[in-house]
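Participant: Sequence unavailable; structure follows:
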């Protein structure tokens, strides 16, 4: 049975900009859920070391942690602990993890069992992989497990592991470097460069040591190698940053008197960051940017962007040996869970953060993690602090954002369904973008059902319709009706002072403002009419 619960919230807001919810859509019939909640505070940080799919030929599948279904993988797909990647019988792929690369042959499936600064562990279920190991961190362990045993890579080099199939016996080849191989039959051996161990298919307890002989797949992998000594990027950014090797061929490095090392992509004049690609939901972080450009991984997940002499420049910031991955270094514009209104209907807008502007993700409240994310890009990360309620200080939302007027705006349906951004862009007046509230880290909008979600969303809370009125001494003037849906039990919708903006017709504020929220909800998801009190 449907019922209405009328609640009148009366809040006194001191010196807040005139009234509320400029960007709430009035009378919407379809109201999306607030974003499925990525893990909020916890002892363990979200993955800080992340690889990326740098090459794909044919059908390549990706399975996110905690899911049973497979989705099509795409170039610049983030690869992190718990993820699985597979190629079909006619496909190949390459994953980059910092300076290291892993090539997958046809009919291969692997799981990233662990990817941290201390341990890289890969489980090879079937097929063949080739590893080009250029860098191993101090105290880092690299382990490859497959059905017949385990391999520990002992130094930089090139390695090939074939799980075997049919008449092809399992083998471990070391072309450069050295590895310790322990197989299921109980044997173990040290494999030096130029040798390989071949296991008999009938009895894995026996193995032969032979000269390493490259096959066609190994030759193909070597053809994809690059000479890191000829790259400029490692002089400016850490080789632990996934995607750095793609930058030299796609742009030029310069030294800016204001920002230090900067990188200019040699792309068309119409190009802009976070505009040519699409958004995808990734469980550990939420909304994640997937760039169309093969070089787009590093500039999308690290550093900042600045407009220098009317050209976009990527500013990696100060050198950080172990940079932390971010899903996208942007800020969103609009009302939480709603976005912006436009002539085309509901819209979502965002802009790239500029040098010196702090990135405040919504998927964590760990202040040490937030400080680590901003290392090299914010002058004094120790000054970054949370309020007592675990939220960023309101000054962050009211900052002068350098790139706000250069925001990309698209229909919400395009955003939540992961469709290409560039052809769907809409235009909003500059004043509209300037006056709308800023959301740090996430628009708080859930993905469509077609988007893969790594973790189940919390139980949907009743839809609520909020009537917002502005009062100046006497009488309350209706401003907007906003359709909101809270996070769920114990996770209320948060409307901060920085989000309280009003259209010009509401008048200018004088002294203290009285905000009256009349809220009605139904347990069946329908919005009832609010009764004024």
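Facilitator: The structure has been received and is ready for your questions. The structure displayed is predicted, hence computed values, not measured ones. Numbers count the residues shown, from 1 in each chain.

Participant: ok, now how distant is residue 370 from residue 440?
Facilitator: Using C-beta to C-beta, to the nearest Å, one obtains 10 Å as the distance from residue 370 to residue 440. All C-beta atoms are positioned from the backbone trio N, CA, C, and that covers glycine.

Participant: Quick check: pLDDT value at the nearest residue to residue 90 once chain neighbours are set aside.
Facilitator: Closest residue to residue 90 apart from its sequence neighbours, by C-beta to C-beta, 6 or more residues apart in numbering: residue 58 at 5.0 Å. The score at residue 58 is 94. That number is its pLDDT.

Participant: Could you report the pLDDT at residue 267?
Facilitator: With respect to pLDDT, residue 267 scores 80.

Participant: Sketch out the low-pLDDT regions of this protein for me.
Facilitator: 1-44, 201-205, 449-533 (pLDDT under 70).

Participant: before we move on, back to that, how many other residues sit next to the residue nearest to residue 90?
Facilitator: Number of residues near residue 58 (other C-beta atoms under 10 Å) recorded here: 12.

Participant: Common neighbours of residue 370 and residue 440, please.
Facilitator: Each of 359, 360, 361 lies in contact with both residue 370 and residue 440 under the rule C-beta atoms under 8 Å, 6 or more residues apart in numbering.

Participant: right, and the last one touches residue 374 too?
Facilitator: In other words, residue 361. No - assessed by C-beta atoms under 8 Å, residue 361 is found out of contact with residue 374, at 10.4 Å.

Participant: The two: which has the busier surroundings?
Facilitator: residue 374 (25 against 22).

Participant: and the gap between that one and residue 46?
Facilitator: Look at residue 374 and residue 46: by C-beta to C-beta, they are 15 Å apart.

Participant: same thing with residue 162?
Facilitator: The span separating residue 162 from residue 46 equals 34 Å under the rule C-beta to C-beta.

Participant: okay, now the closest residue in space to residue 447 that isn't next to it in sequence: neighbour count?
Facilitator: In space, and not counting its chain neighbours, residue 447 is closest to residue 281: 4.0 Å by C-beta to C-beta, 6+ apart. Here the number of neighbours of residue 281 (other C-beta under 10 Å) works out to 23.

Participant: before we move on, what about residue 186?
Facilitator: By other C-beta under 10 Å, the residues close to residue 186 number 9.

Participant: before we move on, what about the one 10 residues further on?
Facilitator: For residue 196, the number of neighbouring residues by other C-beta under 10 Å comes to 23.

Participant: Which residue, neighbours along the chain excluded, lies closest to it?
Facilitator: Nearest residue to residue 196 in three dimensions, chain neighbours excluded: residue 173, at 3.6 Å (C-beta to C-beta, 6+ apart).

Participant: Show me which residues of whatever helix or strand that neighbour lives in are buried.
Facilitator: Counting by DSSP states H and E, the secondary-structure element that holds residue 173 is strand 171-176. Burial within strand 171-176, assessed by neighbour count using 16 or more other C-beta atoms under 10 Å, is assigned to 171, 172, 173, 174, 175.

Participant: Strands of the stretch 201-350 of the chain, start to end?
Facilitator: Taking DSSP state E, counting those that start in this stretch as the criterion, the stretch 201-350 of the chain carries its strands at 207-211, 251-256, 260-265, 277-282, 286-291, 304-308, 311-315, 330-333, 340-342, 345-352.

Participant: How far off centre is the fifth one?
Facilitator: Using C-alpha atoms, centre = their mean, to the nearest Å, the distance from the centre of strand 286-291 to the centre of the chain it belongs to is 5 Å.

Participant: try the second one
Facilitator: In terms of C-alpha atoms, centre = their mean, the centre of strand 251-256 is found 26 Å from the chain centre.

Participant: cool, the fourth one as well?
Facilitator: On the basis of C-alpha atoms, centre = their mean, strand 277-282 is displaced by 8 Å from the centre of the chain it belongs to.

Participant: could you give the angle of it to strand 345-352?
Facilitator: Relative orientation of strand 277-282 and strand 345-352, computed by axes from the mean of the first three to the mean of the last three C-alpha atoms, to 10 degrees: 90 degrees.

Participant: quick one: strands adjacent to strand 277-282?
Facilitator: In the sheet, strand 277-282 lines up against strand 286-291 (antiparallel) (DSSP bridges).

Participant: Repeat that for the first one.
Facilitator: On the basis of DSSP bridges, the sheet neighbours of strand 207-211 come out as strand 195-199 (antiparallel).

Participant: Then the second one?
Facilitator: Its sheet considered, strand 251-256 pairs with strand 260-265 (antiparallel) by DSSP bridges.

Participant: Specify the angle between the strand it pairs with and strand 311-315 in degrees.
Facilitator: Using the same axes, to 10 degrees, the interaxial angle of strand 260-265 with respect to strand 311-315 works out to 130 degrees.

Participant: can I assume the residue nearest to residue 447 is in contact with residue 443?
Facilitator: No - in this structure, residue 281 sits apart from residue 443 without contact. The criterion is C-beta under 8 Å, and the distance is 11.8 Å.

Participant: Need the residues touching each of the two.
Facilitator: Contact with both residue 281 and residue 443 is made by residues residue 287, according to C-beta under 8 Å, 6+ apart.

Participant: mind listing the helices for this structure?
Facilitator: Taking DSSP state H to define them, one finds helices in the chain at 216-223, 247-250, 297-301, 367-373, 394-397, 412-416, 430-435.

Participant: buried residues in the first one?
Facilitator: Of the residues in helix 216-223, those scored as buried under the neighbour-count criterion (16+ other C-beta under 10 Å) are 217, 218, 221.

Participant: now the residues you listed as a markdown table including distance to residue 75?
Facilitator: Converted to a markdown table, those look like this (distance: C-beta to C-beta, whole Å):
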| residue | distance to residue 75 |
| --- | --- |
| 217 | 20 |
| 218 | 23 |
| 221 | 17 |
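
Participant: Tell me how far the residue nearest in space to the middle of the chain lies from residue 344.
Facilitator: Averaging the C-alpha coordinates of the chain gives a centre point, and the residue nearest to it by C-alpha atoms, centre = their mean is residue 327 (1.9 Å). Between residue 327 and residue 344 the computed distance is 26 Å (C-beta to C-beta).

Participant: One more: residue 227?
Facilitator: Here residue 227 is placed at a distance of 49 Å from residue 344 (C-beta to C-beta).

Participant: Looking at these two now, which is surrounded by more residues?
Facilitator: When neighbours are counted by other C-beta under 10 Å, residue 227 and residue 344 differ, and residue 344 comes out ahead with 15 against 6.

Participant: Quick check: the more buried one vs residue 168, distance?
Facilitator: For residue 344, the distance to residue 168 (C-beta to C-beta) stands at 56 Å.

Participant: Residue 138 now?
Facilitator: If you measure residue 138 against residue 168 using C-beta to C-beta, the figure is 37 Å.

Participant: Between these two, point out the one with more neighbours.
Facilitator: Just comparing residue 138 and residue 168: by other C-beta under 10 Å the higher neighbour count belongs to residue 168, 13 against 6.

Participant: Quick one: the strands in the stretch 351-500 of the chain, in order.
Facilitator: Counting by DSSP E, counting those that start in this stretch, the stretch 351-500 of the chain has strands at residues 408-411, 438-440, 464-472, 474-484.

Participant: wait, doesn't residue 240 sit right on residue 98?
Facilitator: Yes - using C-beta under 8 Å, residue 240 makes contact with residue 98 at a distance of 4.4 Å.

Participant: shared neighbours, those two?
Facilitator: Contact criterion C-beta under 8 Å, 6+ apart; residues bridging residue 240 and residue 98 by contacting each: 49, 135.

Participant: So which of those two has more stuff around it?
Facilitator: When neighbours are counted by other C-beta under 10 Å, residue 240 and residue 98 differ, and residue 98 comes out ahead with 22 against 18.

Participant: In this structure the more buried one contacts residue 241, no?
Facilitator: Yes - with contacts defined as C-beta under 8 Å, residue 98 counts as touching residue 241 at a distance of 6.5 Å.
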